[in-house]
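Participant: Quick one, fold the following:
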Amino acid sequence: MLSEVVAELLSDWERSLSEVAATVIASLSDPDEQAFYLACDVLLMLEELHGPSDNQDLENEKSGTGMLLIAKVVNGEYLLYKLYEQYGLIDMNPFLAHFIDVYNHGKIRENMSNTSSRLSSVQASIVSLFLSGETATIRVLSAAQFAEQADSMARDIDLSRFVDALVNQGVLDPPESQSPLTGTREVKKSQGDTYEIVQRLLTSCVTEEISEMEAESLISVLKGDLTLLVSSVDLSINGITSMLHANPALGRSLITLLLSTILRAEVLQLLQYLPPTLPVLEALNHLLVPFPLPSGQQPPTTTSLILDEEKSALLHPFLSNATRSIESKTLGAGIEKMVDDTSGQTRHVQLLCLFIKSLLRTGAIMLEEYIYEIQALTISFVYVPEARELFQIVQGVMNQHTTGGHTPQATTQRTIVQVL
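Facilitator: From the prediction side, this is the model:
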């Protein structure tokens, strides 16, 4: 954990990046021995800034809270670079994989309308300068000055040139030790081909159906190297939606894998904004519906891929966004961008109602917790039979609680029985 002294130094947005880094390093009693431990603490701080703190006010970067976060990110990343600058090439920096992850995160968040997107953008801009070897111009800048110029200073990086360095660091397995992808596409044997093939398949599966053999081989390789998945997947609303439409089973498998990586929070946030189309609803149902655990593993006997607290944070906004998108006849990014007519609108209402009923029937959710989102959907589309059925169930529960003198909040077995 960072000391209060170091944390305060990294929050300085007025002094130059080189001054802040030099002061932090000078505060160490034994820089050679403590550098790596300091860097690990800084890395933990950077990761935590994209947790609950991303709800802070970043709209106005010059506000106290906004600039404080910007300063921590910029000074923190520069310190990770500076601690190992003496090695010369960025390839020798032990936090190269982190810089690459940050660069990728900045790219995939460009289409996300949330407060953390600006933080990630500034963060990606500064690491792009590390990866390109262009750091001389930013040494004299303060965190505040860099933030103002971040967009114009950002560089486009070809990450493929760092594959060998990541292999040498042990982050990636040597290409010859990985299972080669087989199928109808040509498979070369030269070094780095696995990385290129994975990228090509992940690009192709967004726009076209790939063979079952290719999909199985792709998942097999990515299971053995999640870093490859993190650095290659198109984690955007359009990318994930299109993949689920072109290759539903593969898309569900990739989302499941992504939930076991450092991108878990980003994936769960992105799922809130996906359009309520059939492939998307099937994928969410797969993630939310409990499945049996192996025999002998008790309690509990069932679980789901999404934790209860994550489920609540995901479903409340998803149901609200889905209702609004159908009401406006706009399904957003992805294959189906518009609901062309009333029959198309009705079909999507039916799909969303069936999705909700499935979650209720399997016990994945309880009506009381989502009663207001469900009520909004059913009132808007009460002329649709499936919505009318849900509306009647909601009214029954509301009347029951009104009679009882309290508002819906508790989980009850009676609600499950009503939906069956």
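Participant: quick one, strands of the chain?
Facilitator: For the chain, applying DSSP state E gives strands covering 291-292, 302-303.
Participant: Any regions of the chain where pLDDT drops low?
Facilitator: Regions of the chain meeting the criterion pLDDT under 70 cover residues 1, 32-33, 50-65, 87-88, 107-116, 169-171, 173-193, 291-303, 330-341, 401-420.
Participant: What sits closest to the spatially most central residue of it if chain neighbours are left out?
Facilitator: With distances taken as CA atoms, centre = their mean, residue 266 lies nearest the centre of the chain, 1.7 Å away. Once flanking residues are discounted, residue 266 sits nearest to residue 235: 6.4 Å by CB to CB, 6 or more residues apart in numbering. In short, each C-beta sits where N, CA and C put it, glycine included.
Participant: And for residue 35?
Facilitator: residue 83 (5.0 Å).
Participant: so the one you found touches residue 40, yeah?
Facilitator: No - with contacts counted by CB atoms under 8 Å, residue 83 stays clear of residue 40, the gap being 10.8 Å.
Participant: of the two, who's got more company?
Facilitator: residue 83 (21 against 13; other CB atoms under 10 Å).
Participant: Quick one: residues contacting that one.
Facilitator: 21, 25, 35, 38-39 (CB atoms under 8 Å, 6 or more residues apart in numbering).
Participant: Now do the contacts for residue 251.
Facilitator: Contacts of residue 251 by CB under 8 Å, 6+ apart are 205, 240, 243-244, 279, 283.
Participant: Return the distance of it relative to residue 237.
Facilitator: 13 Å (CB to CB, to the nearest Å).
Participant: Residue 119 too?
Facilitator: Between residue 119 and residue 237 the distance is 19 Å, computed by CB to CB.
Participant: more crowded one of these two?
Facilitator: More crowded of residue 119 and residue 237, by other CB under 10 Å: residue 119, with 27 against 18.
Participant: Tell me how far the residue nearest to residue 139 when sequence neighbours are not counted lies from residue 247.
Facilitator: Leaving aside its sequence neighbours, residue 139 sits nearest to residue 18 (CB to CB, 6+ apart; 4.3 Å). For residue 18, the distance to residue 247 equals 48 Å [CB to CB].
Participant: Next: residue 94.
Facilitator: 36 Å.
Participant: For the two, indicate the residue with more neighbours.
Facilitator: residue 247 (26 against 15).
Participant: check contacts around that one.
Facilitator: 205, 209-210, 215.
Participant: what's the burial count for residue 395?
Facilitator: The burial count for residue 395: 12, using other CB under 10 Å.
Participant: Same check on residue 353?
Facilitator: 22.
Participant: same question, residue 320
Facilitator: 15.
Participant: for residue 375, what are its contacts?
Facilitator: Contacts for residue 375 (CB under 8 Å, 6+ apart) come out as 391, 394, 398.
Participant: among these, which are in helices?
Facilitator: 391, 394, 398 (DSSP state H).
Participant: I'd like the distance between the last one and residue 103.
Facilitator: If I follow you right, that is residue 398. 50 Å.
Participant: Looking only at neighbour counts, state which of those two leads.
Facilitator: For residue 398 versus residue 103, neighbours defined as other CB under 10 Å are more numerous around residue 103 (24 against 16).
Participant: surely the more buried one meets residue 156?
Facilitator: No - with contact defined as CB under 8 Å, residue 103 and residue 156 do not form a contacting pair (9.8 Å).
Participant: Could you name every residue contacting both of the two?
Facilitator: Common contacts of residue 103 and residue 156 (CB under 8 Å, 6+ apart): residue 128.
Participant: How is the chain divided into domains?
Facilitator: 4-163, 272-419 (automatic domain parsing).
Participant: Can I get these in a markdown table including distance to residue 225?
Facilitator: Shown next, in a markdown table, are the domains of the chain (distance: least, CB to CB, whole Å):
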| stretch | distance to residue 225 |
| --- | --- |
| domain 4-163 | 11 |
| domain 272-419 | 21 |
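Participant: Could you check these and tell me which one is nearest residue 219?
Facilitator: domain 272-419 (14.6 Å; CB to CB).
Participant: can you pull the contacts of residue 143?
Facilitator: Residue 143 touches 12-13, 17, 20, 67, 70-71, 74-75, counting by CB under 8 Å, 6+ apart.
Participant: any idea how far the residue lying closest to residue 68 once chain neighbours are set aside is from residue 44?
Facilitator: Residue nearest to residue 68 in three dimensions, not counting chain neighbours: residue 11, with 5.6 Å by CB to CB, 6+ apart. To residue 44, residue 11 is 16 Å away according to CB to CB.
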